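>>> following is a predicted model, sequence given first.
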2 protein chains.
Amino acid sequence: MNNESRIKALLFDVFGTVVDWRSGVARDVSSFLSRQAISADAFKFADAWRRQYSPAMEEVRSGRRPFVRLDLLHMENLVKVLTDFGVNVGSIPAEDLVELNLAWHRLDPWPDSVEGLLRMKRRFIIAPLSNGNIRLMVDMAKRAALPWDAILGAEVIRAYKPTPRVYSDTVELLGLNPAEVCMVAAHNADLAAARQCGLRTAFIARPLEHGPSQQTDLKAEQDWDFIGESLNDVATQLGCPT
Amino acid sequence: MNNESRIKALLFDVFGTVVDWRSGVARDVSSFLSRQAISADAFKFADAWRRQYSPAMEEVRSGRRPFVRLDLLHMENLVKVLTDFGVNVGSIPAEDLVELNLAWHRLDPWPDSVEGLLRMKRRFIIAPLSNGNIRLMVDMAKRAALPWDAILGAEVIRAYKPTPRVYSDTVELLGLNPAEVCMVAAHNADLAAARQCGLRTAFIARPLEHGPSQQTDLKAEQDWDFIGESLNDVATQLGCPT
């Protein structure tokens, strides 16, 4: 029996795997900086904002802080980064901060994402397994036409990847065995955690996620069950008709 | 300001409101009874199965039992009803019981449901707020082309309607205020519970939900914010283009 014959559901990392967060965030940062007459590089700002992402979640993963949704962590991180960039945050209207924080709800898919997901949806249950919260994933999906069957992920489980129960409890919610579920991600660490929980794994290289000088996740670091160049490519490997 | 101008999300009761559970369950019961050579009326059997629904959930609502998903309650109820119908359940292969239990995943929408939801989806976030579990809702949606933006409801909150926090915590998950959310249901009691939590309410009469001699929920019993004859009708009242 080949791998794909038992798979019933595909779970997706989203930031970097399905959507291009760096360009989208930099776009909204750029217009924010202009409006606020702040001189800074929008891509550097986006990268600095993203660097706060994992440490902020680690407070929750470690148990030092109860679960809070990613929208709140993004807002706290935004205040930190603005301060690091020398901005007096108190001088910025709160509604402008809220609006900029919604940049993460308005990210564009990579060019192959929507077609790949539509092909996969005809054969499998498809859902995000992202650290993004439910409303963020819903807003993003409606804007970008991501055809999810359900919105699963960190907020449903109230824990952040790569905490094992995010994967295991999601599989359980779907009424499936781990081997019937395949995690799809552009990040080797995410797949390693999923594999530890018994899930199948599919790696997609996204060499521009972190911009032109990306050093990490340029290639598969384990013998993942599927390794593709795009969601479309993985759809083909999974036997999804075009 | 009129009611609909503030609404951002519509939450739907599903069994009876969006789909016709009685015909669908009776259809699968009928073929099950034939295969097992059991003589019984399929509609009476479906009605008996459904009568166990609320008492089974009440065990969880009352706190006498921890939350378990509806698929399990449906299976326990099926065993009870078969026994009540004089069937020796032990003589039936387990896989046949599992297969029949999936009847609840294979229900057909009322004729207006898909069109109404598609119209509403263009203007609002739409999601089930059903006592059905996530996998049940996903299977039903894929089969019936229900275009949900997310799968919310009892299993996400781990409590059964009409427990107030099912409504309140779902509103909170969406990052909305209760007045920005409208509960859509064919059941006055569901809407009364939602209204107690501050949600807007929309009633749709489904006079055939319980068959030709239905006595309950034939009309609106309070001045709900919207009262319609179909999802399409409510979509029009909410200002959704055709």
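Thanks, I have the structure now. Remember, predicted model here, so these are calculated numbers, not experimental data.
>>> what does chain A put close to chain B?
Within reach of chain B by C-beta under 8 Å from any C-beta of the partner chain, chain A has these residues: A:71, A:125, A:133-135, A:137-138, A:141-142, A:148-152, A:155-156, A:173-175. The C-beta positions use only the backbone N, C-alpha and C, and glycine is treated the same way.
>>> shouldn't residue A:182 be within a strand?
Yes: membership of residue A:182 in a strand is supported by DSSP: H, G, I helix; E, B strand; the rest coil.
>>> got the contact list for it?
With C-beta atoms under 8 Å, 6 or more residues apart in numbering or on different chains as the criterion, the residues that contact residue A:182 are A:7, A:9-11, A:199-202, A:225-226, A:238.
>>> per-residue pLDDT, it?
Note for residue A:182: predicted pLDDT of 98.
>>> so which of the contacts of residue A:182 belong to strands?
Those of these mapping onto strands are A:9-11, A:200-202, A:226, per DSSP state E.
>>> so residue A:221 sits against residue A:188, correct?
Yes: the criterion here is C-beta atoms under 8 Å, and residue A:221 meets it with residue A:188 at 4.3 Å.
>>> more crowded one of those two?
Taking other C-beta atoms under 10 Å in any protein chain shown, residue A:221 and residue A:188 do not tie; residue A:188 has more neighbours (18 against 14).
>>> check what pLDDT that one gets.
98.
>>> count of neighbours near the residue lying closest to residue A:16 once chain neighbours are set aside?
In space, and not counting its chain neighbours, residue A:16 is closest to residue A:209: 4.2 Å by C-beta to C-beta, 6 or more residues apart in numbering or on different chains. With neighbours defined by other C-beta under 10 Å, the count for residue A:209 comes to 22.
>>> tell me the SS of residue A:209?
Following three-state DSSP, we place residue A:209 in the coil state.
>>> what sits against it?
By C-beta under 8 Å, 6+ apart, residue A:209 lies in contact with A:16, A:20-22, A:186, A:217.
>>> show me which of the ones in strands among the contacts of residue A:182 is closest to residue B:37.
The shortest approach to residue B:37 among the ones in strands among the contacts of residue A:182 belongs to residue A:9, at 36.1 Å (C-beta to C-beta).
>>> looking at the residues of chain A next to chain B, which are in helices?
When DSSP state H is applied, the residues of chain A next to chain B are split such that A:71, A:134-135, A:137-138, A:141-142, A:155-156, A:173 fall in helices.
>>> still on that earlier bit, looking at the contacts of residue A:182, state which has the most neighbours.
Tallying neighbours with other C-beta under 10 Å puts residue A:202 at the head of the contacts of residue A:182, with 30 neighbours.
>>> look at the residue nearest to that one when sequence neighbours are not counted and report its pLDDT.
With C-beta to C-beta, 6+ apart as the measure, residue A:226 is the residue that lies nearest to residue A:202, at 3.9 Å, once sequence neighbours are left out. Listed pLDDT for residue A:226 reads 98.
>>> domain ranges for chain A?
As recorded under the TED database, the domains making up chain A are A:9-18+A:110-238, A:21-105.
>>> neighbours of residue A:123, how many?
Using other C-beta under 10 Å, residue A:123 has 16 other residues around it.
>>> what's the neighbour count on the closest residue to it other than its chain neighbours?
Residue nearest to residue A:123 in three dimensions, not counting chain neighbours: residue A:240, with 5.1 Å by C-beta to C-beta, 6+ apart. Using other C-beta under 10 Å, residue A:240 has 19 other residues around it.
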